[in-house]
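In: sequence first, predicted model second:
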Amino acid sequence: MALVVIVGPPGSGKTTIGRALAAALDVPFRDVDADIADAAGKPIPDIFVDDGEEHFRALEREAVRRAVAEHDGVLALGGGAVLAESTRKLLADCTVVHLRVDLGEAVKRTEIDKGRPLLQVNPRATLRRLMDERLPLYREVETIAIDTTGREVDDLTDEIKARL
Ligand code: S3P
């Protein structure tokens, strides 16, 4: 069973902070987006283009179910994983860290990494809508919430570790 699950919108730092937290706790790190790409044999943008978002969400639900059951460490989910009610139910038994971020900083961080199929058109407006729609879902599953805006990874990692 996953020790700590990281959720939050795109650009909140789930992979970066999840990896640093795992190192600080001396446990393995796993990223569900990477599991999905491995299982499909292609990158996530290609899954969206070739097979559509519905198919991606089905792969995601299964990848989360498996990772939560198998992984004994820190687990980062994709930003939309909480859309699935089955996933939110699974997370009720986990320690869930919700990483928050301001819209402006999320836009800046996601501009650097272009591999997000949902943010190809009108990234700022899309990100704002996704964040508004999903905030209640992140809140529903969170054990701890922490704002990452303007903060360093080491500082955030120390605070999360102290609050676990
Ligand atoms: C998605 C976020 C992505 C990835 C996929 C869909 C979303 O992960 O799972 O592109 O619906 O917000 P990140 O949150 O790591 O960008």
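Out: Cool, the structure landed. Residues are numbered from 1 along each chain as shown.

In: from the middle of its chain, how far away would the helix or strand of the chain with the lowest mean pLDDT be?
Out: Using mean pLDDT, DSSP states H and E, helix 103-112 stands out as the lowest-scoring helix or strand of the chain, at a mean of 93. Mean C-alpha position of helix 103-112 versus that of the full chain (Cα atoms, centre = their mean, to the nearest Å) differs by 15 Å.

In: how about stretch 29-45?
Out: Taking Cα atoms, centre = their mean, one finds stretch 29-45 lying 13 Å from the centre of the chain it belongs to.

In: near the ligand at all, that stretch?
Out: Yes - using Cβ under 6 Å from any ligand atom, stretch 29-45 comes into contact with the ligand via D33, I44. Where you see a C-beta, it was placed from the backbone N, CA and C, and this is true even at glycine.

In: buried residues, that stretch. List them.
Out: By neighbour count on 16 or more other Cβ atoms under 10 Å, the buried set for stretch 29-45 is F29, R30, D31, V32, D33, D35, I36, A37, A40, I44, P45.

In: for the first one, give me its contacts.
Out: Which is F29. The contact partners of F29, by Cβ atoms under 8 Å, 6 or more residues apart in numbering, come to G18, R19, L21, A22, A23, G73, V74, L75, A76.

In: that one and P117: what is the separation?
Out: Counting by Cβ to Cβ, to the nearest Å, the gap from F29 to P117 is 23 Å.

In: around the ligand, pick out the residues from this structure.
Out: Within reach of the ligand by Cβ under 6 Å from any ligand atom, the chain has these residues: P10, K14, D33, I44, G78, G79, G80, R116, P117, L118, L130.

In: circling back to that earlier point, restricted to helices, list the buried residues of stretch 29-45.
Out: Among the buried residues of stretch 29-45, the residues falling in helices (DSSP state H) are V32, D33, D35, I36, A37, A40, I44, P45.

In: quick check: closest non-adjacent residue to the second one.
Out: In space, D33 comes closest to G78 once its chain neighbours are excluded; the distance is 4.8 Å by Cβ to Cβ, 6 or more residues apart in numbering.
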